[in-house]
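Asks: need the 3D shape of this:
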Amino acid sequence: MYFSDSLSQYILTVVCEIEMLSLQRQWKTLSVSFADAILTVSMNRPKVNAMSPELLTELVEVFDQTSKEDKVRGVLLRSNLNSTFCAGADLSTVYNLSVAGQKSAIDKFVFETLSRGMTAPLYCSKPVACSLDGHTIAGGLMLALSCDYIAIGTRKPFRIGITGPIVGIPYPLKAVKLIQHQLDPSVGYRLLVDATLHSSSDFPIKCERSETPDDLSRKWLKMIGQRPLQGFQTTKQKWWSNIIHLDTLDNEQEKQAYFEAVTSDECLQAMKNALAKEKS
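Replies: So this is what the prediction gives:
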């Protein structure tokens, strides 16, 4: 059957739109759009994109589905919030689980939901660029470091760092190895021990900087997307193989140590004080 060029293009567009429905559905904590072969994923959980189980699960879902979409050549991860990229794990979730003292629930949230969600980009088979233009804290930094490319905004300085140690929360091995993998070891250790927040203007990270980091990220994604993707995908798999391998390890001893730390009286009181300060 013969179709005119215009009709063929229309049919192709409709088919593509139908196939993208799985990604462009109504997400609860994300906004998703698609243009020029780039999928833009914007976190949208006010006030600070705190990593609730729902946000973490949706991050895993959107990156998993993107890996299966042939028409997507790259992903831009960003925030819809003006001042914050992501503030990390929702402290109230960790506190409530710790107060309840339910080890199995803590294990599931920290070592499955949080671990997989905050590193979701590194499992994606497509290039992932991250646009940082607001505070990037704790698990939010892990999420950014899991991307293939980072662009930092320069219009206004913001804070980057890890705050868990302030309230006595240790970081799982996977997070520690990710920090070691992506940052200078001395910088990473200071982040994990001192919990000092850095200004985005001088944070020692491998990135590019621009007043419009979204545009810089899209430019990089278009460049990579014009190349055959298989070579990139092979390199990406090798680059992240040591981190992904950690998912296969039996870490019961680590889980027990984490449980004992977050359910200690000192840690519980510190988390309670921090939550009270947030509300005041």
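Asks: now residue 226: how far from residue 36?
Replies: 11 Å (C-beta to C-beta, to the nearest Å). Every C-beta, even on glycine, is put in place using the N, C-alpha and C of the backbone.
Asks: let me fix that, I meant to ask about residue 65.
Replies: As for residue 65, its distance to residue 36 is 19 Å (criterion: C-beta to C-beta).
Asks: compare the two (neighbour count), which wins?
Replies: Neighbours per residue, other C-beta atoms under 10 Å: of residue 65 and residue 36, the larger number sits with residue 65, 17 against 11.
Asks: is that one in a helix, a strand, or coil?
Replies: Using DSSP: H, G, I helix; E, B strand; the rest coil, the structure places residue 65 in helix.
Asks: that one against residue 23, yeah?
Replies: Yes - counting by C-beta atoms under 8 Å, residue 23 is a contact partner of residue 65 at 5.5 Å.
Asks: ok, residues contacting the strand or helix carrying residue 42?
Replies: Using DSSP states H and E, residue 42 falls within strand 38-43. Applying C-beta atoms under 8 Å, 6 or more residues apart in numbering, the external contacts of strand 38-43 come out as 23, 29-34, 49, 55, 59, 62-63, 66, 69, 72-81, 85-86, 126, 218, 221-222, 225.
Asks: give me the neighbour count for residue 24.
Replies: Neighbours of residue 24 (other C-beta under 10 Å): 13.
Asks: how close does the residue positioned nearest the centre of the chain get to residue 264?
Replies: In the chain, the residue lying closest to the centroid (C-alpha atoms, centre = their mean) is residue 143, at 2.6 Å. Between residue 143 and residue 264 the distance is 27 Å, computed by C-beta to C-beta.
Asks: follow-up on the earlier one: list only buried entries from the contacts of strand 38-43.
Replies: Buried members of those, scored by 16 or more other C-beta atoms under 10 Å, are 23, 29-30, 32, 34, 49, 55, 59, 62-63, 66, 69, 72-79, 81, 85-86, 126, 218, 221, 225.
Asks: among the residues you listed, name the ones in strands.
Replies: Counting by DSSP state E, the buried ones among the contacts of strand 38-43 place 30, 32, 34, 74-79, 85-86 in strands.
Asks: so which of those residues is the closest to residue 117?
Replies: The nearest member of these to residue 117, counting by C-beta to C-beta, is residue 86 at 10.7 Å.
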